[in-house]
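Asks: following is a predicted model, sequence given first.
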Amino acid sequence: MRKTTRSAFAAACAVLAVTAAACGTTSENSGAAQPQDPQAACGGPDGQYTIGMSQANLAEPYRVRMDDDIRKAAERVPQFKDVQFADAAKDNAKQVSDVESFLTKQVDLLMISPNEAAPLTDIVRRAYNSGTPVVLLDRKVNGDAFTTYVGVDNEAIGRQAGEYFKNVLFPDGGKILEIKGLSGSTPAHERHDGFMQGIAGSKIEIIGADDGGWERAEGQEKMDALLKAHPDAQAVYSHNDPMAEGAYLAAQAAGKADQLKFVGIDGLPIEAGGIKAVEQGRLQATFLNPTGGEEAVEAAKKILVDCQPPEKHQTLPTELITKENAGEVYARLNQG
């Protein structure tokens, strides 16, 4: 394992609180990103490497799948002797502590899917400026102090969803409810902003919205209240499939499921995922949001084994999934 400036950084941080201002060197605490030497972290194909993966939570099926994808991909890289996983359980302070723990252990590379952007920005910057490569997955932090980001263009997904509502579901206009993701997470803002771009110029109106925290139970609870406040709603745009399924359950309990259309995002190719929900008619559509687990491991291999810098932003592909193509997409994504 490398012994660089981050070793001293990790040792110092181990005994300090999350908010300690004196942790690390001046450059490590600087508000600006300090460019990493692309060769510094690389030990080549003869090395053995430890990776720390800090997950925002494991309450979402999407994040369970992300960890599984990382685990499986890492098993195919013989140099990756150990991938350690931590679950922040939607607690920002715990996630900061998890990252500091990985730094104390002197892992060779960090993978992080931030719970919320702002609370994780400082520790990610400090890790990056200390020389530890940082791979962000699905969610971003503020600024550019990270080695590479792997994920979809969430604003583009939101825009495509808006265009689907405008061009297919409600070409003459409609009244929409929006179930948003966790307010401090970057996809929630981007998927909303993109949606507003997509419905621009139409007669579609968002008559009610609330934060469903990315979870089905919370989405169901918020949808129940929204339906009572807005009984004239015609459809639901949800920032992920579990919240869309929760909204469907709330509408079903109110006897209105057949009167509303539901659209989500994620398209997990599992029995309890969004593709099957589309195929079975609960959702009108979903948009594929790959976990990026395999691509994150490939980026780690480039950095640690191949001595090649990855692209700063790795944008993953998405696609619209409707009842017409759900079966084909499900089979394709489960090949191999």
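Replies: Nice, I can see it.
Asks: walk me through the domains of the protein.
Replies: Domains of the chain are assigned by automatic domain parsing as 5-150+292-305, 154-289+322-333.
Asks: using JSON lines, please lay out these together with mean pLDDT and distance to Gln314.
Replies: Quick note: C-beta positions are derived from backbone N, CA and C, even for glycine. Shown next, in JSON lines, are the domains of the chain (pLDDT from 0 to 100; distance: least, C-beta to C-beta, whole Å):
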{"stretch": "domain 5-150+292-305", "mean pLDDT": "85", "distance to Gln314": "5"}
{"stretch": "domain 154-289+322-333", "mean pLDDT": "97", "distance to Gln314": "14"}
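Asks: dump those to CSV, plus distance to Thr315 and mean neighbour count.
Replies: Converted to CSV, the domains of the chain look like this (distance: least, C-beta to C-beta, whole Å; neighbours: other C-beta atoms under 10 Å):
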stretch, distance to Thr315, mean neighbour count
domain 5-150+292-305, 9, 20
domain 154-289+322-333, 8, 20
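Asks: right, so of these, which gets closest to His313?
Replies: domain 5-150+292-305 (5.1 Å; C-beta to C-beta).
Asks: what about Met243, which SS state?
Replies: helix (DSSP: H, G, I helix; E, B strand; the rest coil).
Asks: mind listing what it touches?
Replies: Going by C-beta atoms under 8 Å, 6 or more residues apart in numbering, Met243 touches Ile179, Gly181, Gly212, Trp214, Glu215, Arg216, Glu218, Gly219, Gly264.
Asks: one more time with 10 Å, if that's ok
Replies: 60, 179-181, 210-220, 222-223, 236, 262, 264-266 (C-beta atoms under 10 Å, 6 or more residues apart in numbering).
Asks: can you show me the strands along the stretch 101-250 of the chain?
Replies: Under the criterion DSSP state E, counting those that start in this stretch, the stretch 101-250 of the chain contains strands at 109-112, 134-137, 148-151, 174-180, 204-211, 235-238.
Asks: tabulate the ones you listed (TSV), appending distance to Ser54.
Replies: Listed next are the strands of the stretch 101-250 of the chain as TSV, based on distance: least, C-beta to C-beta, whole Å:
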stretch	distance to Ser54
strand 109-112	5
strand 134-137	10
strand 148-151	14
strand 174-180	23
strand 204-211	23
strand 235-238	26
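Asks: quick check: Val236 touching Leu249?
Replies: No: look at Val236 against Leu249 with C-beta atoms under 10 Å: they stay out of range, at 11.5 Å.
Asks: now for those two: what residues contact both?
Replies: Gly219, Met223.
Asks: spit out the contact partners of Ala209.
Replies: Counted by C-beta under 10 Å, 6+ apart, Ala209 has contacts Ile176, Leu177, Glu178, Ile179, Lys180, His192, Lys222, Leu226, His230, Tyr237.
Asks: just checking, the fourth one touches Ala247?
Replies: Yes: in terms of C-beta under 10 Å, Ile179 counts as a neighbour of Ala247; the distance is 5.6 Å.
Asks: which residues do the two both contact?
Replies: In contact with both Ile179 and Ala247: Gly212, Gly219, Gln220, Lys222, Met223, Leu226, Val236, Tyr237, Ser238, Phe262, Gly264, using C-beta under 10 Å, 6+ apart.
Asks: list just the nearest of these to Met66.
Replies: Comparing the shared contacts of Ile179 and Ala247 against Met66 with C-beta to C-beta places Gly264 closest, at 17.0 Å.
Asks: surely the closest one is in contact with Ala235?
Replies: No: Gly264 is beyond contact range of Ala235, at 11.7 Å (criterion: C-beta under 10 Å).
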